[in-house]
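Visitor: Structure of the sequence below:
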Amino acid sequence: MANTEMRNLMVILTEDEIKDYSKTLAEETQAVNSLENEKKSVTAEYTSKITRHKTNISDLARKITTGEEMREIRCRWDYLWEDGVKVLIRLDSGKQIDKQEIRDYERQAELPVQDDETQTGDVESVDGSEDEDTTLADNMAKARDKKDIF
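Guide: Numbers count the residues shown, from 1 in each chain. Purely as a prediction, here's the structure:
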């Protein structure tokens, strides 16, 4: 009986073996590219999540440090006709937050437009009573006194 053993030695590949290896190489390359793209996508997704949390942390830290934050607050313009200015008042605290000159267009009262057929001689006053002698100027003065308008 002859003594034999197995060894790894170089052999020349056949055309079919080269073709099979080429196909396998292409598949493996595609698999690596696909996994790398998937890794980039997952990494980008996690980076985005981490960035979002870091932004929240930063906002919360700023609020805690300063003790304040921006919010939508209802405000009201008060017109000081004698001074020619209007002031913006916060309705939650009553504090004045802005002061501006009254513009010319704001000084103009809007008058109701009536065609000639619908006009009557009676004018309804601010207090609701009808009085033929009541003028628009009287009504505006009463409204200003009541601070309903202007």
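Visitor: C-alpha from now on. contacts and neighbour counts both.
Guide: Will do.
Visitor: Looking at strand pairing, list the partners for the closest residue to residue 95 other than its chain neighbours.
Guide: Leaving out its chain neighbours, the residue that sits closest to residue 95 by CA to CA, 6 or more residues apart in numbering is residue 89, at 5.5 Å. Beta bridges link residue 89 to residue 76, residue 96 when assigned by DSSP bridges.
Visitor: looking at it, residue 89 is touching residue 99, isn't it?
Guide: No. Using CA atoms under 8 Å, residue 89 makes no contact with residue 99, being 9.2 Å away.
Visitor: Counting neighbours, go ahead and name the busier of the two.
Guide: Higher neighbour count among residue 89 and residue 99: residue 89, with 18 against 14, using other CA atoms under 10 Å.
Visitor: Model confidence score at residue 112, please.
Guide: Residue 112 carries a pLDDT score of 74 in this model.
Visitor: Now it: which helix or strand?
Guide: Per DSSP states H and E: residue 112 is located in neither a helix nor a strand.
Visitor: burial count for it?
Guide: Applying other CA under 10 Å, we find 5 residues neighbouring residue 112.
Visitor: Roughly how far does it sit from residue 105?
Guide: Counting by CA to CA, to the nearest Å, the gap from residue 112 to residue 105 is 16 Å.
Visitor: what do you get for residue 14?
Guide: Computed with CA to CA, the distance linking residue 14 and residue 105 is 94 Å.
Visitor: Checking residue 2 next. Helix, strand or coil?
Guide: The three-state assignment at residue 2 reads coil, by DSSP: H, G, I helix; E, B strand; the rest coil.
Visitor: any chance you could map the helices in the chain?
Guide: Taking DSSP state H, the helices of the chain run over residues 15-66, 104-107, 136-146.
Visitor: can you list the weak-confidence ranges in this structure?
Guide: Scanning the chain for pLDDT under 70 picks out 115-150.
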